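>>> Build the 3D model from these lines:
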Amino acid sequence: MMNNIPNLDELINLALLEDVGDGDHSTLACIPPTATGSAKMVAKQAGIICGTEVGKRVFDFVNDQFYHSPIPMQVNILKHDGESIEKGDIIMTIEGASGVILTAERTALNFMQRLSGIATQTHQMVAMLDGLHTQLLDTRKTTPNMRLLEKYAVHCGGGTNHRIGLYDMIMLKDNHIDFAGGIEAAIDRTHDYLKSHNKDLRIEIEVRNLSELQQVLQHGGVHRIMLDNFDVANLREAVKLIDGKYETEASGGITDATLRQYAETGVDFISVGALTHHIKSLDISLIKK
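The predicted structure is shown next:
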């Protein structure tokens, strides 16, 4: 999946330009360009590692594009994306120009710490669904320009990716329905649009209560129904009413404290925006070998 991130070098370059500016003057001031060294990246807490290939690419990018160093950069990944790590584990070792290692350090860690935090949190929540058929979904609540990486981290943590963006699935949310003039109008116009544009996209519709759910069930024309901000009792009733005719998804304020209760209603999917927009980065450090 990492190979499916076409803008990775551009993203890394922008991150480095933001950090380096017209030069890493702290490093340039005291480290000779010919100096070589080695370092290791160490986990300071347990979790699921993610972003190792991104980190490696940062070191290579700084070496080749920023310093144009003739000194080879050697990055050896010891813990691969999706693997469990414990405090004290060595994630990777780096050998090359000392200046390159120092300049690349923070950007590499920023990517890896955030992605590992997402993977770790996802893994913890997926574990809470053990024995149930419900799948944990991410959302579009991602950091701008980081979406593919953050969704990759969810995947590494055992979660399931929802739609990537606005282009790969129809999602008729409450505002679409209100602006379109109601549920039936929103669904019918969507089918007309897909037909006229020769597109084959799955359709999901959001409902806010059991009354709206009944309208969707009577009208049809969708693939999945999102039950937004339903409490557990109403969600259980909604899943029973749908009775397998459509995929079901619960969303809205579901936390690790309530996740299992919601899943036990039999809902097919639970989407949790906090997987990518409310996480704590995993603590990782880089130290001289």
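>>> Assign a three-state SS to residue 227, would you?
strand (DSSP: H, G, I helix; E, B strand; the rest coil).
>>> Can you tell me who it pairs with across the strands?
residue 207, residue 250 (DSSP bridges).
>>> Make 198 the first number, not 1, from now on.
Noted, 198 is the first residue going forward, which turns the last one into residue 424.
>>> pLDDT at residue 486, what is it?
Residue 486 is assigned 89 on the pLDDT scale.
>>> That one: neighbouring residues, count only.
For residue 486, the count of nearby residues is 10 (other Cβ atoms under 10 Å). Backbone N, C-alpha and C define where each C-beta goes, glycine included.
>>> hang on, isn't residue 331 packed against residue 467?
Yes. Using Cβ atoms under 8 Å, residue 331 makes contact with residue 467 at a distance of 5.8 Å.
>>> Look at those two and report which has more neighbours.
Neighbour totals were compared for residue 331 and residue 467, and residue 467 leads with 26 against 22 (other Cβ under 10 Å).
>>> which residues touch the spatially closest residue to that one that is not a sequence neighbour?
Leaving aside its chain neighbours, residue 467 sits nearest to residue 447 (5.0 Å; criterion: Cβ to Cβ, 6 or more residues apart in numbering). Each residue near residue 447 by Cβ atoms under 8 Å, 6 or more residues apart in numbering is listed here: 423-424, 427, 432, 459, 462, 464, 466-468.
>>> mind checking how far residue 398 is from residue 445?
Counting by Cβ to Cβ, to the nearest Å, the gap from residue 398 to residue 445 is 19 Å.
>>> In terms of helices and strands, where is residue 476?
For residue 476, there is no host helix or strand (DSSP states H and E).
>>> ok, now how distant is it from residue 290?
Counting by Cβ to Cβ, the gap from residue 476 to residue 290 is 27 Å.
>>> Between those two, which is the more surrounded one?
The neighbour count for residue 476 versus residue 290, taken as other Cβ under 10 Å, is higher for residue 476 (19 against 15).
>>> wait, what's in contact with that one?
So residue 476 contacts 311, 314-315, 318 (Cβ under 8 Å, 6+ apart).
>>> With pLDDT, neighbour count and secondary structure added, can I get these in JSON lines?
Output for the contacts of residue 476, formatted as JSON lines (pLDDT from 0 to 100; neighbours: other Cβ atoms under 10 Å; DSSP: H, G, I helix; E, B strand; the rest coil):
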{"residue": "311", "pLDDT": "98", "neighbour count": "22", "secondary structure": "helix"}
{"residue": "314", "pLDDT": "98", "neighbour count": "23", "secondary structure": "helix"}
{"residue": "315", "pLDDT": "98", "neighbour count": "33", "secondary structure": "helix"}
{"residue": "318", "pLDDT": "97", "neighbour count": "25", "secondary structure": "helix"}
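>>> What is the nearest of those residues to residue 205?
When the contacts of residue 476 are ranked by distance to residue 205 (Cβ to Cβ), residue 311 comes first, at 14.7 Å.
>>> mind checking the backbone torsions on the residue nearest to the closest one when sequence neighbours are not counted?
Spatially, and ignoring its direct neighbours in sequence, residue 311 is nearest to residue 478 (5.0 Å; Cβ to Cβ, 6+ apart). Dihedral pair for residue 478: phi -60, psi 150, per degrees, to the nearest 10.
>>> go on, the one 4 residues further on?
Residue 482 has phi and psi values of phi -130, psi 160 when expressed as degrees, to the nearest 10.
>>> Can you tell me how far it is from residue 307?
12 Å.
>>> related to what we said a few turns ago, need the max-distance pair from the contacts of residue 476.
Going by Cβ to Cβ, the pair spanning those furthest: 311 and 318, at 11.0 Å.
>>> SS state for residue 445?
strand.
>>> burial of the closest residue to residue 307 other than its chain neighbours, as a residue count?
Excluding its sequence neighbours, the residue lying closest to residue 307 (Cβ to Cβ, 6+ apart) is residue 212, at 7.3 Å. Neighbours of residue 212 under the rule other Cβ under 10 Å: 20.
>>> what about residue 212, distance to residue 306?
Taking Cβ to Cβ, one finds residue 212 at 11 Å from residue 306.
>>> if I look at these two, which residues touch both of them?
Counting by Cβ under 8 Å, 6+ apart, nothing touches both residue 212 and residue 306.
>>> where does this structure have low pLDDT?
By pLDDT under 70, the weakly predicted segments of the chain are 198-200.
>>> those strands in it, which residues are they?
With DSSP state E applied, the chain shows strands at 233-240, 244-245, 271-274, 281-282, 287-294, 332-334, 367-369, 400-404, 421-425, 444-448, 466-468, 481-485, listed in chain order.
>>> Fine by me, we can end here.
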